[in-house]
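> A structural model of the following input is requested.
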Amino acid sequence: MPALLYGLEACPLRYSDNNSLDFVVNRFFMKLFKTNNIETVTYCRMQFNFDLPSTILRKRRDVFARKYRSCIYAFCTVVINVA
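Predicted structure coming up:
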């Protein structure tokens, strides 16, 4: 999972890209527990405290943006003011 998510907090992803990442995790749990019921998969993910990639990326992006905004270097402040 870390290899899949590495560096994605700095990349803009479309809604369909997030869904594709979530699909991988959901299919993994479906195969692991031999079920096709998404409610069962969601329950199992909650029991194992395994968040979907879209949720993890949202949290990582927030942290990344917060750190980037607090950067004291001139390059970071110029890019933030332009964007």
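
> contact partners of the helix or strand where L4 lies?
Assessed by DSSP states H and E, L4 sits inside helix 2-5. Outside of helix 2-5, the residues within contact range by Cβ atoms under 8 Å, 6 or more residues apart in numbering are 21, 24, 53, 56-57, 60. Heads up, the C-betas are built off the backbone N, CA and C, glycines and all.

> in the chain, which ranges drop under the pLDDT threshold?
Regions of the chain meeting the criterion pLDDT under 70 cover residues 73-83.

> Could you list the buried residues of the longest helix anywhere in it?
Criterion DSSP state H: the longest helix present in the chain is helix 15-33. By neighbour count, with 16 or more other Cβ atoms under 10 Å as the criterion, the buried positions of helix 15-33 are 18, 21, 25-26, 29-30.

> picking up where we left off before, which pair in the contacts of helix 2-5 has the greatest spatial separation?
Within the contacts of helix 2-5, two members stand farthest from each other by Cβ to Cβ: V24 and R60, at 17.0 Å.

> any idea which residue sits dead centre in this protein?
The chain has L57 as the residue nearest its centroid, 2.3 Å off, counting by Cα atoms, centre = their mean.

> Now that one: which helix or strand?
helix 53-69.
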